[in-house]
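Trainee: any chance you can model this:
(2 chains)
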Amino acid sequence: MSKLLRAAYRIAWKDVVGDWRRRATLSSMLFFAIAVLVVFQVAFDPDRLEATRLLPGLLWVTILFTSLMGLGRVFQAEEEDGALEGLLLSAVPRGVLFLGKWSGNLLLTLLVELALLPLTLVLFNVDVWGQLPAIVGILLLGTLGLTGLGVLLAAMTQTARSRETLLALLLLPLTAPLLIAGVQALAALLQPGGEVEPWLRLLVIFDLVYLALAPWAFGWLVTE
Amino acid sequence: MQPSPADARLQVRDLHHAFARHRVLQGIDLSLHAGECGVLLGANGSGKSTLLAVLATRLRVQKGSYQLLGLDVRESAEEMRGRLLFVGHHTHLYGHLTPLENLLFFADLQLITASEERLRAVVAAVGLEKFAEQPVRWFSAGMRKRLALGRMLLRQPELLLLDEPYSALDRQGVIWLNQVLQSYLTAGGMLLMASHDPERIAALPHRQLYLRRGRLVQSLEDEP
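Mentor: Just a heads-up that it's a prediction; the model follows:
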C-alpha cells in the first residue's frame, strides 16, 4: 500500500474505530433508520404492489435522513484537543485527508444500508430478492456521491453554530439531482420494461462530478 | 566563527501576518542554523504563537518569505510539513485511541514507517508504558503533553516548533524534556520555542528572541 493510501486508510480506521468504541454514530443511524421504516409501514400499510411502487422513494428518503445524522458527526472527533489542526499539519495532501474522512463515512453509511435493505424488504413484504444485487449496485452508486458531497458540506459547516440545520439546508437541494436519479433508477429496475440505463449513467456522472470537485474544494476550504 | 545568515537552514524575511485589520506580525527577520535553539520571549499577544503557526504552515505567509532547507513555503508547504513538528497548546491527540494508536496515526500521516517495537519504545521513553493500552481520554494534561512531545522521537524533524512546551509538565517532565531537546540539538535539529519561563530552558544553549507587538526587538527591558 502506498504511503498516501495508508494515510487515508488510517484516517478512515480512526473514525470507524472511534465510532465503534463510543457506540456513537452507527448505532444512532441504525435506530433512526429502523424508526423511519416502522413509521412508514404503520402509516401507509401498503399492499405488496403498492409497496413495490413506494420502495425506491422510501429507501432513498431513509438513506438521506440517516446519512444526514452520520454526516453531522463526521468532524466531531476533530474538535477534540485541536485534532483538526493536527490533520492539517500532516505531511499528506488535503485530498488524501478528504479521501480518509470520506471513506470512513462511506463505510458507516454502507453498513447501515446493508442492514436497512433486507429489513425493508421483510417489513414491507416486497418480493424483489432476485434483483437484490442490482438494487445494491444502485444504492452503492448513489451513496458514493451522497457521502462525497456530504463530507465536503460537513467540513464547510463544521464551525457553524447550528451546523446540523445548515448541513441539511445545503445537502438536501444539492443532492436532489442525485436522489432523483437514484429513485428513478430503482423504480425503473422494479417495474417491468423499465429503462435503468439512462438513470445509471446520470448517477455515474453525478458521482464523478461530486467526487472530482469535493477533494479540491475541501483543500481550498480548510486553507486559512 | 559565527555562521552567516546565508547558511541558515531556516530563513524568514520581512514576514507579515494580520487577522483582518489587526497586524500581528510586522516585518519579522529570523534565521536558524543546524543545532540552534531560539527562544521567543514576549508578553501575551506579542505574536509568539502566531509566528510559530506561520512557521508550522498552519497560517499563510501574507507578505515576506519563509524558507526551510531551501524549500519555499508558497511552493512546498506539504513537503515542509513532513520536515517539521509543531507542538502547541493543543496536543492533537484522539481521546478514544491509546498512546500506541495515536503514535501510529501520527506516523502514518507524517508518512513515517514505524514498527510496533518502535512505537512501544517511544511510549516507554515518555514514561507511559504502563498506560500503553489505555485510551488517552483518561490521561492528565501532563501525560498528554509528554505523549505529544514524544512524537519527535519517532523521527527527528529538521525543525521543531514548540509553544509553551513546559506547561503542564511536572519537575521530572521538565528534566526529561530538556534531556530530549539537548540530544535533538546535538544531533543537528533546529528548535524554536515560545516560552514565558526562561529559567526552565536555562539548561539548554539558546538564543533569546524578543517579540514586542509583532516585531523582533533588541530587548524587552522597557516592556511594561
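
Trainee: quick one: low-confidence parts of chain A?
Mentor: Across chain A, the stretches falling below the confidence threshold (pLDDT under 70) are A:1, A:224.

Trainee: flag every residue of it that's near chain B.
Mentor: Counting by C-beta under 8 Å from any C-beta of the partner chain, the positions of chain A adjacent to chain B are A:3-4, A:6-7, A:9-11, A:14, A:17-18, A:21-22, A:77, A:80-83, A:85-93, A:223-224. C-beta: built from backbone N, CA, C; applies to glycine.

Trainee: for the residue nearest to B:Asp108 when sequence neighbours are not counted, what are phi and psi?
Mentor: Counting by C-beta to C-beta, 6 or more residues apart in numbering or on different chains, A:Arg10 is the residue found nearest to B:Asp108 once chain neighbours are left out, at 4.0 Å. Torsion angles at A:Arg10 (phi, psi; degrees, to the nearest 10) stand at phi -60, psi -40.

Trainee: neighbours of residue 117, just the number please.
Mentor: Because you didn't say which chain, this covers chain A. The burial count assigned to A:Leu117 is 16, neighbours taken as other C-beta atoms under 10 Å in any protein chain shown.

Trainee: try chain B instead
Mentor: By other C-beta under 10 Å, the residues close to B:Glu117 number 8.

Trainee: which of the residues of chain A next to chain B are buried, as a ChimeraX select command?
Mentor: To isolate in ChimeraX the members of the residues of chain A next to chain B that are buried, counting by 16 or more other C-beta atoms under 10 Å in any protein chain shown, one can use:
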select /A:4,6,7,9,10,11,14,18,77,80,81,82,83,85,86,87,88,89,90,91,92
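
Trainee: what about the residues of chain A next to chain B, which are in helices?
Mentor: Here DSSP state H is the test, and the residues of chain A next to chain B give A:3-4, A:6-7, A:9-11, A:14, A:17-18, A:21-22, A:83, A:85-88 as lying in helices.

Trainee: how close does the spatially most central residue of chain A sit to chain B?
Mentor: To find the centre residue of chain A, average its C-alpha atoms and take the closest one (C-alpha atoms, centre = their mean): that gives A:Thr147, at 4.0 Å. The spacing between A:Thr147 and chain B, counted by C-beta to the nearest C-beta, to the nearest Å, is 21 Å.

Trainee: thought that residue was touching A:Glu113?
Mentor: No: applying C-beta atoms under 8 Å, one finds A:Thr147 not in contact with A:Glu113, separated by 10.7 Å.

Trainee: for the helix or strand hosting the residue nearest to the centre of chain A, the distance to its chain's centre please.
Mentor: In this structure, A:Thr147 is located in helix A:132-157 according to DSSP states H and E. What separates the centre of helix A:132-157 from the centre of its chain is 4 Å, taken as C-alpha atoms, centre = their mean, to the nearest Å.

Trainee: ditto for stretch A:176-195
Mentor: Taking C-alpha atoms, centre = their mean, one finds stretch A:176-195 lying 18 Å from the centre of the chain it belongs to.

Trainee: could I get the CA-only coordinates of it as PDB?
Mentor: Written as PDB, here are the backbone C-alpha positions of stretch A:176-195 (Å, rounded to 0.1, in the frame of the first residue of the first chain):
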ATOM      1  CA  ALA A 176     -31.600  16.500  -5.200                       C
ATOM      2  CA  PRO A 177     -30.400  15.600  -8.700                       C
ATOM      3  CA  LEU A 178     -28.500  12.600  -7.400                       C
ATOM      4  CA  LEU A 179     -31.500  11.400  -5.300                       C
ATOM      5  CA  ILE A 180     -33.900  11.800  -8.300                       C
ATOM      6  CA  ALA A 181     -31.600   9.700 -10.400                       C
ATOM      7  CA  GLY A 182     -31.300   7.100  -7.600                       C
ATOM      8  CA  VAL A 183     -35.100   6.900  -7.100                       C
ATOM      9  CA  GLN A 184     -35.800   6.700 -10.900                       C
ATOM     10  CA  ALA A 185     -33.100   4.000 -11.400                       C
ATOM     11  CA  LEU A 186     -34.600   1.900  -8.600                       C
ATOM     12  CA  ALA A 187     -38.200   2.500  -9.900                       C
ATOM     13  CA  ALA A 188     -37.100   1.500 -13.500                       C
ATOM     14  CA  LEU A 189     -35.500  -1.600 -12.100                       C
ATOM     15  CA  LEU A 190     -38.600  -2.700 -10.200                       C
ATOM     16  CA  GLN A 191     -41.200  -2.100 -12.900                       C
ATOM     17  CA  PRO A 192     -41.400  -4.500 -15.900                       C
ATOM     18  CA  GLY A 193     -39.800  -3.000 -19.000                       C
ATOM     19  CA  GLY A 194     -38.300   0.000 -17.100                       C
ATOM     20  CA  GLU A 195     -35.100   1.600 -18.600                       C
END
